[in-house]
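Undergrad: quick one: sequence and predicted model below, then my questions.
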Amino acid sequence: MRQRSWLVGSLALLCILAFMMTVAVAEPKRGGTLRVAYGNKISHLDFHTAPGYEMMWVAMNIGCGLVNITPDGQFVGDAAESWELSDDHLTWMFKLKDGVKFHDGSAVDANAVKFSIDRLMDPETKSGMRRFYAAVKSVDVVDPLTVKVNMKEPYAFFLHMMAGYRTGLVLYSPDATAKNELKARKQGKAGAVVGCGPFQLVEWVPNDHLIMDRFDGYHVKGQPHVDRVHIRVIKDPVTQMAAFKAGEIDFIASFTPEHVDTLKKQNPDAVVMSGKETTPMVAMMKITDPADGKKMSKDRKPHHVFGDIKVRKAVGCYGMDREEIVKIAFKG
């Protein structure tokens, strides 16, 4: 992926992880319940502000965005049918699919896209994702199915921000947001958490479980395949493995590498999913100096060494032995 010398700012390592589950069969059967174990609790259900892997895995199933990213790093449309970037790299034009609906029946239109991006960027929302959208100047509604995103400056990672783990744009229903208080959405109250994804929220009991059912009005024909996803919070890996062996759960998310050998011994038929199947990743290195010489200054300038793209590539791309990291830290 190309990087450009104007990618400067405070030091940040951005990992974009897309949570994807694949089944290696030609024609997946429809129906049934997928029972999933989470190692950590879900903090709350306001998708623009809640932290953690677990929240985003739920958000990316209940919610939809403009674009998605495939395991091999390709961008594909979600609510967006197509998009274009202007020659000066300052304007993104998104054409939306016709007929996409939120779970409450309201339309996923340009107004909903503008509402969602504006809410995420509003300082009052206090979203941890806001800083990744700092290059966005404004959002305009061109017509019901066309939305224009105006940039302050060219930004090579814009589509990654829209599509990827944690920074990914989750579209909000303006109608549902107006009808329900923020507290109700955070608490997962029925009707308050409304998305446009393949599943809709049925029940959330904090620190215990979350249930979501297939949304029959989902815009991708034939999906999802399962009727229900039942998520249980099981913090102890040993307890997770015992539940898996007993047939109480089907899938363990974020399984720790040090327990993989034990899991395989207990369950020889278990499939350990890794690599492109599960975690497309992008790392972005941004290192700067304070423009005024003061250590903690927010006014930044290109770093006197790492402002050079060749140096960043040498350290970030070629200076790491990835095979050794996989072998030792992730046990292969």
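TA: It's in.

Undergrad: going by C-alpha atoms from here, please, whenever you check contacts or count neighbours.
TA: Noted.

Undergrad: in stretch 303-317, what counts as buried?
TA: Buried residues in stretch 303-317, defined by neighbour count with 16 or more other Cα atoms under 10 Å: 303, 306-307, 312.

Undergrad: and that stretch, how far apart are its ends?
TA: This stretch, stretch 303-317, spans 18 Å end to end (Cα to Cα, to the nearest Å).

Undergrad: repeat that for stretch 77-94.
TA: Start-to-end, stretch 77-94 (Cα to Cα) is 10 Å.

Undergrad: go on, stretch 70-89?
TA: 23 Å.

Undergrad: roughly how far is that stretch from the heart of the chain?
TA: Centroid separation between stretch 70-89 and its chain, computed with Cα atoms, centre = their mean, to the nearest Å, is 15 Å.

Undergrad: what do you get for stretch 61-71?
TA: 7 Å.

Undergrad: just the C-alphas of stretch 156-164, formatted as CSV.
TA: Provided in CSV are the C-alpha atoms of stretch 156-164 (Å, rounded to 0.1, in the frame of the first residue of the first chain):
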residue,chain,number,x,y,z
ALA,A,156,-4.7,8.0,1.9
PHE,A,157,-6.3,6.1,4.7
PHE,A,158,-9.9,7.4,4.2
LEU,A,159,-11.5,4.2,2.9
HIS,A,160,-9.7,2.2,5.6
MET,A,161,-11.2,4.6,8.2
MET,A,162,-14.7,4.0,6.7
ALA,A,163,-14.3,0.2,6.4
GLY,A,164,-12.0,-1.0,9.1
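
Undergrad: list the buried residues for that stretch?
TA: 157, 159-164.

Undergrad: ditto for stretch 131-144
TA: For stretch 131-144, a neighbour-count test (16+ other Cα under 10 Å) marks 132-133, 136, 139, 141 as buried.

Undergrad: got it, and stretch 50-57?
TA: Under the neighbour-count criterion of 16+ other Cα under 10 Å, stretch 50-57 has 50-51, 53-57 buried.

Undergrad: follow-up on the earlier one: ok, the buried residues of stretch 131-144 vs I117, which is closest?
TA: V139 (7.6 Å; Cα to Cα).

Undergrad: ok but the closest one is inside a strand, no?
TA: Yes: assigned with DSSP: H, G, I helix; E, B strand; the rest coil, V139 falls within a strand.

Undergrad: got a list of what it touches?
TA: 114, 117-118, 147-150 (Cα atoms under 8 Å, 6 or more residues apart in numbering).

Undergrad: how close does it get to M121?
TA: Distance from V139 to M121, by Cα to Cα: 11 Å.

Undergrad: neighbours around the closest residue to D250 other than its chain neighbours, how many?
TA: Of all residues beyond its chain neighbours, the one nearest D250 is R35 (5.2 Å), with distances taken as Cα to Cα, 6 or more residues apart in numbering. Residues near R35, counting by other Cα atoms under 10 Å, number 18.

Undergrad: find me the pLDDT at K327, would you?
TA: The model reports K327 with a pLDDT of 86.

Undergrad: and the one helix or strand it maps to, which residues are buried?
TA: For K327, the element it lies in under DSSP states H and E is helix 322-328. By neighbour count on 16+ other Cα under 10 Å, the buried set for helix 322-328 is empty.

Undergrad: so which of the contacts of V139 comes closest to K95?
TA: Taking Cα to Cα as the measure, K95 lies nearest V147 of the contacts of V139, at 6.7 Å.

Undergrad: tell me the secondary structure at that closest one.
TA: Put simply, V147 is strand when judged by three-state DSSP.
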